[in-house]
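In: No sequence on hand, only this structure:
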DNA sequence: CGATTTCTTGATTATTTTCAACGGAGGTGG
DNA sequence: CCACCTCCGTTGAAAATAATCAAGAAATCG
């Protein structure tokens, strides 16, 4: 259970033995599980505390009065939701589970200055999320439909690989085309058609919920994808070198 | 000089006399001025420290290899750029001045845990930026062209009003139509035409660099704008109540 | 197995971009 | 002071891109 924390968060700062002991001793009571497809917290609710994803996929979204939705981020194992969220009066967005998820509720002792190593690691992780959000704005504002779709798939693949959740050129991808549409700001029908183009250009295979990227470099090039913004320490790249 | 700090940041947390003394004693050496239209730090550079805007407008942007640009945020007086930015290897975005700006460089003593009141106020401010970024994603992904343009103008007006930079229904707006295009992810030509529509619907007047909103409520409604996400403590609303 | 969700496709319509051109404002140097 | 230049705003027309509408096929789930 600790492993997702260390994999996802410990990577960005040195956690000493005392830090890890704190995490382990405080883990048990604050771990929660949610089934797939449930809201964990809703837009308008009073915020409680940040969450660290231990296992499964979650996502953040905002709803407009006209019922349209925009997915604003994905939370993968090791990811953290907004750290100081407790300071706000109301949630400006909802967080929901995409698959069954296990989360760690980050109650005060873990995020406060009492354990500087942990707090530092968490805040660097938050900074990484901010960089991802900026890149998503570029995606939504400046890239064409096929580029947007390819870009988000490249991003997810890189992020999953960094936490050991890929195998070869494959990963689990629990997204429907509707989810992809709400992520990329495109209509469902358009996502379907551009996905077909990418498939027939042999840039991806999407069957069941398994995504295969037969030629990651080519998809990256076609999507104007550059992984620098992710600030990942990529295990696969280290091993390959 | 302290006033912009207290107006923009002190609003979100209680700063005690000692905090304010620290800020004032450390202000002088770290204040810098930039002329309009200059990069303060560039994508790819090694990050130095966060900035607090004391006066003037700055903005953050990302450039794609194909020369297209996306503006990802505006920094108004009292706003802070990413706090822990020093932890990253390279800037994922550039920061530039739109007008002449005065900034406070937030060197370590101000952001560290040594002055918890200041650190808290700054981190709440960062959280507010994250909420704004999420709303921008909704803007880019889910709103139509006229809604996008109206929405960003409403946002800027509210943010300026919250720091006392509006007078009546007017404010200074140093943006060209090209800037608006790079913010909203639209082409320059299209921004020009939708702006004309908004003008002829009497929802805005834009002459020189003065923006007038004769009917803010109507523009908000037309743009699906709801100010909750800004988490502002709005002086004008308090006075009006 | 039936019911529901998800995926797929074609046709039509709407929105947005691109291309091309011109006018005005403001600054610079002769 | 005027000629010139550049940046900014404006407009019309054509082309490209994406949304909407409608309907049927495939997959998934109790």
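Out: All right, it came through fine. Quick caveat, the model's predicted, so the values are computed rather than measured.
In: Next up, the contacts around the spatially closest residue to residue A:105 that is not a sequence neighbour.
Out: With sequence-adjacent residues excluded and distances taken as CB to CB, 6 or more residues apart in numbering or on different chains, residue A:105 is closest to residue A:30, at 4.2 Å. For every residue, glycine as well, the C-beta is placed using N, CA and C. Taking CB atoms under 8 Å, 6 or more residues apart in numbering or on different chains, we find residue A:30 in contact with A:104-107.
In: So for residue A:30, what's the pLDDT?
Out: Note for residue A:30: predicted pLDDT of 83.
In: Does residue A:196 lie in a helix or a strand, and which?
Out: Following DSSP states H and E, one finds residue A:196 within helix A:188-200.
In: Who are the packing partners of that helix?
Out: helix A:145-162, helix A:177-184, strand A:205-207 (3 or more CB pairs under 8 Å, 6 or more residues apart in numbering or on different chains; DSSP states H and E).
In: one more time with 7 Å
Out: Where contact means 3 or more CB pairs under 7 Å, 6 or more residues apart in numbering or on different chains; DSSP states H and E, helix A:188-200 is packed against helix A:145-162, helix A:177-184.
In: tell me the helices in chain A, going along the chain?
Out: Ranges of helices within chain A are A:2-8, A:17-30, A:108-111, A:116-142, A:145-162, A:177-184, A:188-200, A:216-222, A:235-240, based on DSSP state H.
In: count of residues packed around residue A:222?
Out: Other residues lying near residue A:222 total 17 when counted by other CB atoms under 10 Å in any protein chain shown.
In: ok, now which ones touch it?
Out: A:150, A:203 (CB atoms under 7 Å, 6 or more residues apart in numbering or on different chains).
In: so what's it scoring on pLDDT?
Out: Predicted confidence (pLDDT) for residue A:222: 97.
In: cool, and the one 4 residues further on?
Out: Confidence per residue is given as pLDDT, and for residue A:226 that number is 97.
In: Look up how far residue B:45 lies from it.
Out: 16 Å (CB to CB, to the nearest Å).
In: Ok, residue A:96 next?
Out: On the measure of CB to CB, residue A:96 and residue B:45 end up 37 Å apart.
In: which of these two has more neighbours?
Out: Between residue A:96 and residue B:45, counting by other CB under 10 Å, residue A:96 is the more crowded of the two (20 against 13).
In: Number of residues surrounding the spatially closest residue to residue A:44 that is not a sequence neighbour?
Out: Closest residue to residue A:44 apart from its sequence neighbours, by CB to CB, 6+ apart: residue A:90 at 5.5 Å. By other CB under 10 Å, the residues close to residue A:90 number 13.
In: Could you do residue A:98 as well?
Out: For residue A:98, the count of nearby residues is 20 (other CB under 10 Å).
In: what's the spacing between it and residue B:162?
Out: 36 Å.
In: shaky segments in chain A?
Out: A:1-14, A:26-29, A:109-113, A:233-241 (pLDDT under 70).
In: okay, now the domains of it?
Out: Domains of chain A are assigned by automatic domain parsing as A:2-132, A:144-240.
In: Residue B:210: which of those domains is closest?
Out: domain A:2-132 (30.2 Å; CB to CB).
In: does any bit of that closest one sit next to DNA strand C?
Out: No: for domain A:2-132, no contact with DNA strand C is found by CB under 7 Å from any atom of the strand; the gap never falls below 8.1 Å.
In: How about that domain and DNA strand D, touching?
Out: No: using CB under 7 Å from any atom of the strand, domain A:2-132 stays clear of DNA strand D, coming no nearer than 8.5 Å.
In: How about the contacts made by the nearest residue to residue A:198 once chain neighbours are set aside?
Out: Of all residues not flanking residue A:198 in the chain, residue A:204 sits nearest, at 5.2 Å (CB to CB, 6+ apart). Each residue near residue A:204 by CB under 7 Å, 6+ apart is listed here: A:153, A:198, A:211-213, A:219.
In: now residue A:204: how far from DNA strand D?
Out: Using CB to the nearest atom of the strand, to the nearest Å, residue A:204 is found at 17 Å from DNA strand D.
In: any idea how far that residue is from residue A:154?
Out: Noted for residue A:204: a distance of 10 Å to residue A:154, by CB to CB.
In: Show me the common contact partners of those two, please.
Out: With CB under 7 Å, 6+ apart as the test, residue A:204 and residue A:154 both reach residue A:219.
In: Spell out which parts of chain A neighbour chain B.
Out: Along chain A, the residues adjacent to chain B under the rule CB under 7 Å from any CB of the partner chain are A:62, A:64-66, A:68, A:70, A:72, A:82, A:84-85, A:87-88, A:90, A:92-93, A:113, A:123-124, A:127, A:130-131, A:133-134, A:136-138, A:140-142, A:185, A:224, A:228-229, A:231.
In: Select only the buried ones of those in PyMOL?
Out: Selection of buried members from the residues of chain A next to chain B for PyMOL, criterion 16 or more other CB atoms under 10 Å in any protein chain shown:
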select buried, chain A and resi 62+70+72+82+84+85+87+88+92+93+123+124+127+130+131+133+134+136+137+138+140+141+142+185+224+229+231
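In: so what's residue A:32 up against?
Out: Each residue near residue A:32 by CB under 7 Å, 6+ apart is listed here: A:103, A:105.
In: before we move on, the earlier item: distance of the residue nearest to residue A:105 relative to DNA strand C?
Out: Taken as CB to the nearest atom of the strand, the span from residue A:30 to DNA strand C is 30 Å.
In: go on, residue A:143?
Out: 11 Å.
In: Count the neighbours of that residue for me.
Out: 23.
In: if I read this right, it contacts residue A:224, doesn't it?
Out: Yes: with contacts counted by CB atoms under 7 Å, residue A:143 reaches residue A:224, the gap being 6.5 Å.
In: what's the overlap in contacts for those two?
Out: Between them, residue A:143 and residue A:224 share the contacting residues residue A:151, judged by CB under 7 Å, 6+ apart.
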